[in-house]
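> Here is my input; please provide its structure:
(one chain, ligands or ions: 1)
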Amino acid sequence: MSLIECSPAHVRALSPYVPGKPIGALAREFGLPESSIIKLASNENPLGMSPRARLAAEAALQEAYRYPDQYELLALLARKLGVDSAQIVLGNGSNDVLDLAARAFLMPGTSAVLAQYAFAVYSLATQAMGAASLIAPARQYGHDLVAMRALVREETRIVWIANPNNPTGTFLPWREIHDFIADLPRTVLVVLDQAYDDYLPSGLRTATESWLGEFDHLLIVRTFSKIHGLAGLRIGYGLGSPAVIDLLNRVRQPFNVNHVALAAAVAALDDHPFLADSHRLNQQGMELLVHGLKRLGLEHIPSQGNFISFAVPDAAEVNRKLLAQGIIVRPIAGYGLPQHLRVTVGLPEENARFLAALAKAL
Ligand SMILES: *Cc1c(COP(=O)(O)O)cnc(C)c1O
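Residues are numbered from 1 along each chain as shown. Here you go, the predicted structure:
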């Protein structure tokens, strides 16, 4: 047997996550200047990073020779969210927290439940632990909680839920998720991924952290990658019961979150002007994109995120034609949506250029 064949079968069967195409890659492939390229493929904040976070990150670089200390961000999050700092785990991006949950609770012989079209990392993290993914068919592209509940078995240890979900942008009322969690056996951890929570209109928001008093089998996962604009620094967090967080901390690398990211997150968390600007820009951009897609006669999946997925006659071909015009969107055939493309809401001029390029590509 070769060394490679000695790797567990579930590891060898993994297909790595496919990220949005980087600007540099398109520039090299098509010989385009980088400055002419618009990337609307990874749900990044088109306004960039919070200016306060940038200043804090620049200052923090001076102390980057020291190992990072999580104390300040943990204390700030605890105060802001009304939880104990022992209920928070920090991650190198929220993907890291998803992975910690899988490592703490999954192994061969166990299973995790997720929805069709759910965020790709859930099945990857599950498979990496040798556990089985039980996939509930979607309802109108969104999570069907009744179908998900029906899949939960004795050996199920995690249910993955994204609300809103990526790449569909679908949203479930919080009351339904609350009742779903209440109905589950306490031997199943619900991982509730709220990466896009900050983009919800205020009327749809709920402080899910208040559920932690009620549920020990809930892990809430949030990120600084989206509205806070820190995707490249890699920082997110999880909220759970002290006992669950203690388990995640056992499988966590001691210095998983870097010093610069910690400082930036502290500054970004309460940069309310930047967050409000980002929210408003997203709402306006979403309206423009929805209107533009309708005008082109294209169906879209109504989205509560900072992106929208829409159907075209030939997604691979339309994608190629967009790339040739310097526009990067995200094909989502890998999610089982071969007719759809996902576009991130950009700056007004980016949205306009995207719609014009799309009209040409059709
Ligand atoms: C973007 C995204 C994340 C964030 O990932 P990070 O590792 O924090 O950058 C998490 N969950 C979903 C569903 C996402 O779309």
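> Now for the nearest residue to Asn45 once chain neighbours are set aside: which residues touch it?
With sequence-adjacent residues excluded and distances taken as Cβ to Cβ, 6 or more residues apart in numbering, Asn45 is closest to Gly229, at 3.8 Å. Heads up, the C-betas are built off the backbone N, CA and C, glycines and all. Counting by Cβ atoms under 8 Å, 6 or more residues apart in numbering, Gly229 touches 44-45, 47-50, 53, 268, 274, 278.
> all strands of the stretch 51-200 of the chain, in order?
For the stretch 51-200 of the chain, the strands defined by DSSP state E, counting those that start in this stretch cover 88-91, 111-115, 132-136, 156-162, 189-193.
> Val221: helix or strand, and which one exactly?
Secondary-structure assignment from DSSP states H and E places Val221 in strand 218-223.
> thought Ala333 was touching Asn319?
No - proximity of Ala333 to Asn319 does not meet the contact threshold set by Cβ atoms under 8 Å, at 9.5 Å.
> So which of the two has more stuff around it?
Using other Cβ atoms under 10 Å, the more surrounded residue of Ala333 and Asn319 is Asn319, with 20 against 14.
> Who is the residue lying closest to the more buried one once chain neighbours are set aside paired with across the strands?
Across the structure, with Cβ to Cβ, 6+ apart as the measure, the residue nearest Asn319 apart from its sequence neighbours is Pro331 (5.0 Å). Note on Pro331: beta-bridge partners by DSSP bridges are Leu341.
> Pro331 against Val318, yeah?
No - using Cβ under 8 Å, Pro331 and Val318 do not qualify as a contacting pair, with a distance of 9.1 Å.
> between the two, what contacts are shared?
For the pair Pro331 and Val318, residues contacting each of them under the criterion Cβ under 8 Å, 6+ apart are Leu341.
> tell me the helices in the stretch 201-350 of the chain, going along the chain?
All helices of the stretch 201-350 of the chain, identified by DSSP state H, counting those that start in this stretch, fall at 242-251, 259-269, 272-295, 315-324, 348-361.
> For the third one, which residues meet the burial criterion?
What that stands for is helix 272-295. By neighbour count on 16 or more other Cβ atoms under 10 Å, the buried set for helix 272-295 is 274-275, 278-279, 281-282, 285-286, 288-289, 292-293.
> returning to that earlier point: for the strands of the stretch 51-200 of the chain, give me a markdown table that also has distance to the ligand.
Conversion of the strands of the stretch 51-200 of the chain to a markdown table gives the following (distance: least, Cβ to the nearest ligand atom, whole Å):
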| stretch | distance to the ligand |
| --- | --- |
| strand 88-91 | 7 |
| strand 111-115 | 11 |
| strand 132-136 | 16 |
| strand 156-162 | 4 |
| strand 189-193 | 5 |
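> Name all residues that make contact with the residue nearest to Ala195 when sequence neighbours are not counted.
The spatially closest residue to Ala195, leaving aside those adjacent along the chain, is Thr223, at 4.9 Å (Cβ to Cβ, 6+ apart). Contact partners of Thr223, counting by Cβ under 8 Å, 6+ apart, are 93-94, 195, 235-237.
> before we move on, the earlier item: ok, and of the buried residues of helix 272-295, which contact the ligand?
Filtering those for neighbours of the ligand using Cβ under 6 Å from any ligand atom leaves an empty set.
> just so I know, which of the helices of the stretch 201-350 of the chain lies nearest Ser111?
Taking Cβ to Cβ as the criterion, Ser111 comes closest to helix 242-251 out of the helices of the stretch 201-350 of the chain, the separation being 18.5 Å.
> Mind listing what's buried along the closest one?
Using 16+ other Cβ under 10 Å, the residues of helix 242-251 that count as buried are 244-245, 247-249.
> just stretch 315-332 next, same as before
Neighbour-count burial for stretch 315-332, with 16+ other Cβ under 10 Å as criterion, is recorded at 315, 318-319, 321-323, 325-332.
> next one: stretch 211-230
For stretch 211-230, using 16+ other Cβ under 10 Å, the buried residues are 211-212, 215, 217-230.
> again with stretch 261-274
Result for stretch 261-274 [16+ other Cβ under 10 Å]: buried residues 261-269, 271, 274.
> Of all pairs in those residues, which one spans the longest distance?
Spatial extent of the buried residues of stretch 261-274 (Cβ to Cβ) is set by the pair Leu262 and Phe274 at 18.2 Å.
> so what's Leu337 up against?
The neighbourhood of Leu337, defined by Cβ under 8 Å, 6+ apart, consists of 117, 167, 309.
> Before I go, just wanted to say thanks for your time.
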